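Peer 1: how does the following fold in three dimensions:
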Amino acid sequence: MAKTCVLSPWSRMLTTTTRAPPAAKSACWKAGRWRKWLMKPSPPTPTSQSKRPIVAVIDVPSQAYGRREEAFGIHQALAGAAGAYAKARLAGHPVIGLIVGKAMSGAFLAHGYQANRLIAFNDSGVLVHAMGKESAARITLRTVEALEKLAATIPPMAYDVSNYATLGLLSALLDINNPDAPDDHDLSLVSNTLRDAIADARTDASLKCRLGAENRRSSQLVRDRMRASW
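Peer 2: Below you'll find the predicted structure:
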């Protein structure tokens, strides 16, 4: 089970304005098999304007690894979480992902990647990638230093959020004075950006807004050719 964790200041900010339960600071936990049993359906709401927004505070270092996790169905847990976010988004709920720390591996796919809009802090502590540097170095038979040098030349392989932003997946990249102890300006900036993202998300439940960046040309080309062949 997840360890007891300290709440992030961004989770506390959200709980002051919503009735949603506070999220534990995710650096202390890894998305695991138990979460698939915690899903409960929300009662339907009549119109898109009354659909409650969902804000996912994202700071996930990875999912849990191991034979026990696989045997208990971590793949079902992660797929179930991603599916729940997608269902909520397609049902008209504005789903916003606020990346305040690490967004890694299957944990990010399960928690936040299905959001209508992704917002990230422009901070060195914010990392987005398929796996951690040490794991990626082992798989690619490189040292961490060699991996970092290679990643600096290929935006999709880079870990820093500024390179990630060039892929067109972020709706906003915020400069925060102190992410660990936000001041009034930081809180106001994040709050206003979330409100704007929620309003924007109500106009389109799809994720097509992510495909317009220059560094996503190949992704768009693959999609176009697959549609043509089908």
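Peer 1: pLDDT weak spots in this protein?
Peer 2: For the chain, applying pLDDT under 70 flags the ranges 1-49.
Peer 1: could you pull out the helices in this protein for me?
Peer 2: Applying DSSP state H to the chain gives helices spanning 9-15, 67-71, 74-90, 105-110, 133-139, 144-151, 161-165, 184-201, 217-229.
Peer 1: remind me, longest strand of the protein?
Peer 2: As assigned by DSSP state E, the longest strand anywhere in the chain is strand 95-104.
Peer 1: tell me what that strand is packed against?
Peer 2: Where contact means 3 or more Cβ pairs under 8 Å, 6 or more residues apart in numbering; DSSP states H and E, strand 95-104 is packed against strand 54-60, helix 74-90, strand 117-121, strand 127-129, helix 184-201. In this view, the C-beta of every residue, glycine as well, is placed from N, C-alpha and C.
Peer 1: between it and strand 54-60, how many degrees?
Peer 2: Put simply, strand 95-104 runs at 0 degrees to strand 54-60, going by axes from the mean of the first three to the mean of the last three Cα atoms, to 10 degrees.
Peer 1: nearest to residue 50, out of the helices of the chain?
Peer 2: helix 184-201 (12.7 Å; Cβ to Cβ).
Peer 1: what residues of the closest one count as buried?
Peer 2: If you call a residue buried by 16 or more other Cβ atoms under 10 Å, then helix 184-201 has these buried ones: 186, 189, 190, 193, 194, 197, 198, 201.
Peer 1: redo the helices and strands packed on strand 95-104 as TSV? Include distance to residue 210.
Peer 2: TSV is the format used below for those (distance: least, Cβ to Cβ, whole Å):
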stretch	distance to residue 210
strand 54-60	16
helix 74-90	13
strand 117-121	8
strand 127-129	13
helix 184-201	13
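Peer 1: who wins for proximity to residue 107 among the ones you listed?
Peer 2: Closest approach to residue 107 among those (Cβ to Cβ): strand 54-60, 3.6 Å.
Peer 1: and that closest one, what other elements does it pack with?
Peer 2: helix 9-15, helix 74-90, strand 95-104, helix 105-110.
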